[in-house]
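J.: sequence-free structure coming up:
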């Protein structure tokens, strides 16, 4: 039994009590801090409407046990206080009406050593039906494999069919892949993918916003889909029905401002009808291969190929923490790393890691007074 | 040897001399009449720039022989003076810059007994690659067969591959089909389709704007493609390369304001790449079946199913000669059939055939003073 940081224990407690996204809870944590919020929840010291929702579970404090379990499994709890919290990705929830769950998770339970910021710097969600055909699996493998070779992280939901084919293809070329689950990361779901999930964790990450032991449920799949979309530069649907989880992920991507892509197939194949209809109704752009996907998924992260480097001369091409830090740099005068941390919402360690990259690319420079923009 | 009408001989002569579309010649015929225009061409009595283009062939007058040949083959020459000239379809060339051949044909050589106005009242062009796959031919047969059963005429170019599959499917269900050739209708091109062309002529029509004996040539295929588009309510591309005749037909359709549709296929099939790219670049709408095609091809002609009849309550749904005659009806007062003929550009016989339909649908009525709009 490890002595965990009290803040981490508070996050773990809240994750167990709140179970999934809650815009109100996120706001409360922002205002009161996580420990104070945990105390308020524990004591039922909340507005009645909210108190009702946490009352049933407020007495359950498995934080110590959950964190111990994660440690034993080689996992961890990633919170907005952590250096590898993908803050940039979560920004896309800002300004959305959160009444339908359109809000960032407040923690992520993670199995695997992959850094979440790195893994989601250039990433594509590839999703589709469990009832995939040999054609769909073949095309998924081609696209996911090519993207992974090119340095993109393949994000999916670890389901049978297209999801599994996407993860496997990325693993097959030694690329990055990330699985987002609708249950606790300690549960192998589907159980037939237990070995695949281990492989994903060993090279990338298996994540969930739900605490260990949580069982999968319909509403959790829908919430999970929003994370696949949020963590990706774009979402590709490879075979799907019209009313499908894949289309739900696609809808999330659109809501979050991510490009939605669909792969066509034979019109004689029922597994492609959802893709065709999405293209037909303007919900998705037709893509045939990884080149199409990269084109649709927009400008690349900092420092890729020569061609990409040229593209990143443009400030619009800055992504992730680079973009956040750049935005925090003053137009006139200069700022300290601490000031940049406060302004960007990133940790000082993250700011310190990012500034040299910006300097290298010619976006930032420093003198004795601090850091400033060079363009 | 038949004694042909002098006007018909003049049209036949001009068709041979001019060879294909000529906006200037059409204009001249409009102004001078066809016989006077033929006389001017024969005598080289034209502006120098035009005279140069007709000089080489002005002395060739095979009109009598051409018309005799057509008669012997059971065919005919259809001109703007004929009752089955598809005048409505040709209107779509109005207002186009005709410098690139964007002009109506001035005659159509026809094999087969099908009435061109009837055949093109509700019609869809279905085109595609000669290098079709079994998948492409299967889908073409499904779509063309379903459309033909539903009363649509299937228009294509009688080429190997998708074109042939489209014609055959329409014939197979006892439906209407029309082939537009890039050579004289007396020539079976491709020769492997000699029997198919005979079948098309025996139930529908095989047409060409080129006089008998004309050999196929690259520029004639391009001109032919514009007629496939002009005579159709929409054009469907099933399997095509990016630089293909089918895409050229699609481009004509867009230029003429017709919906362009493309059928997707496996992204692993080279034969579908053109279709996918057209969809991807917004050049074509994705269609999977005949229902999609009918939906995209817009409002129906007068008097189809109950649902269609309801749609045609709307004036915008009037098509073909019905629309031309309706537009010619006065808002106040009334007009005689002769006045309606002059106003609409249709023959009196055509006006007479159309008015009862308009009356039946509640768009027109008559009293002792003549015909008028009822809405």
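T.: Looks like it arrived, so ask away. Quick caveat: nothing in here was measured; it's all calculated off a predicted structure. Numbers count the residues shown, from 1 in each chain, chains lettered A, B, ... in the order given.

J.: ok, and the closest non-adjacent residue to the residue of chain A found nearest chain B?
T.: The minimum distance from chain A to chain B, using Cβ to the nearest Cβ, falls at residue A:264 (3.3 Å). The C-beta positions use only the backbone N, C-alpha and C, and glycine is treated the same way. Nearest residue to residue A:264, sequence neighbours excluded (Cβ to Cβ, 6 or more residues apart in numbering or on different chains): residue B:264, at 3.3 Å.

J.: ok, that neighbour touching residue B:279?
T.: Yes. If you go by Cβ atoms under 8 Å, residue B:264 and residue B:279 touch, sitting 6.6 Å apart.

J.: of these two, who's got more company?
T.: residue B:264 (30 against 27; other Cβ atoms under 10 Å in any protein chain shown).

J.: residue contacts, residue A:190?
T.: Residues in contact with residue A:190 (Cβ atoms under 8 Å, 6 or more residues apart in numbering or on different chains) are A:158, A:159, A:160.

J.: Could you check the pLDDT of it?
T.: Looking at residue A:190, its pLDDT is 95.

J.: At the contact with chain B, which residues of the stretch 251-375 of chain A appear?
T.: A:263-268, A:272-273, A:276, A:279-280, A:285-289, A:292 (Cβ under 8 Å from any Cβ of the partner chain).

J.: Mind checking which of those land in strands?
T.: A:285, A:286 (DSSP state E).

J.: filter the residues of the stretch 251-375 of chain A next to chain B to the buried ones?
T.: Neighbour counting with 16 or more other Cβ atoms under 10 Å in any protein chain shown marks A:263-267, A:272-273, A:276, A:279-280, A:285-289, A:292 as buried within these.

J.: Report the set of residues contacting both of residue B:264 and residue B:279.
T.: With Cβ under 8 Å, 6+ apart as the test, residue B:264 and residue B:279 both reach A:264, A:279, A:286, B:286.

J.: And for the nearest residue to residue A:24 once chain neighbours are set aside, the neighbour number?
T.: Using Cβ to Cβ, 6+ apart and skipping the chain neighbours, the partner closest in space to residue A:24 is residue A:50 (5.7 Å). Residue A:50 is flanked by 17 other residues according to other Cβ under 10 Å.

J.: measure residue A:32 to residue A:38 for me?
T.: 9 Å (Cβ to Cβ, to the nearest Å).

J.: more crowded one of those two?
T.: The neighbour count for residue A:32 versus residue A:38, taken as other Cβ under 10 Å, is higher for residue A:38 (24 against 13).

J.: give me every residue that touches that one.
T.: A:9, A:10, A:13, A:14.

J.: Quick check: it vs residue B:180, distance?
T.: Where residue B:180 is concerned, residue A:38 sits at a distance of 76 Å (Cβ to Cβ).

J.: Need phi/psi at the residue nearest to residue A:24.
T.: phi -80, psi -40 (degrees, to the nearest 10).

J.: Quick check: it vs residue A:124, distance?
T.: Distance, residue A:50 to residue A:124, using Cβ to Cβ: 37 Å.

J.: what's the answer for residue A:253, then?
T.: In terms of Cβ to Cβ, residue A:253 sits 10 Å off from residue A:124.

J.: Between the two, which contacts overlap?
T.: Common contacts of residue A:253 and residue A:124, defined by Cβ under 8 Å, 6+ apart, comprise A:232, A:234, A:235.

J.: And for the first one, the neighbour number?
T.: Here the count is done by other Cβ under 10 Å, and residue A:232 has 31 residues near it.

J.: quick one: it and residue A:259 touch, right?
T.: No. The pair residue A:232 / residue A:259 is not scored as a contact, 9.5 Å apart, by Cβ under 8 Å.

J.: Next, show the common contact partners of those two.
T.: What both residue A:232 and residue A:259 touch, as defined by Cβ under 8 Å, 6+ apart, is the set residue A:253.

J.: Which stretches in chain A count as strands?
T.: For chain A, the strands defined by DSSP E cover A:75-78, A:108-111, A:123-127, A:153-156, A:177-180, A:205-208, A:234-237, A:260-262, A:285-286, A:364-367, A:370-373.

J.: any idea which helix or strand of chain A has the worst average confidence?
T.: helix A:306-312 (a mean of 44; mean pLDDT, DSSP states H and E).
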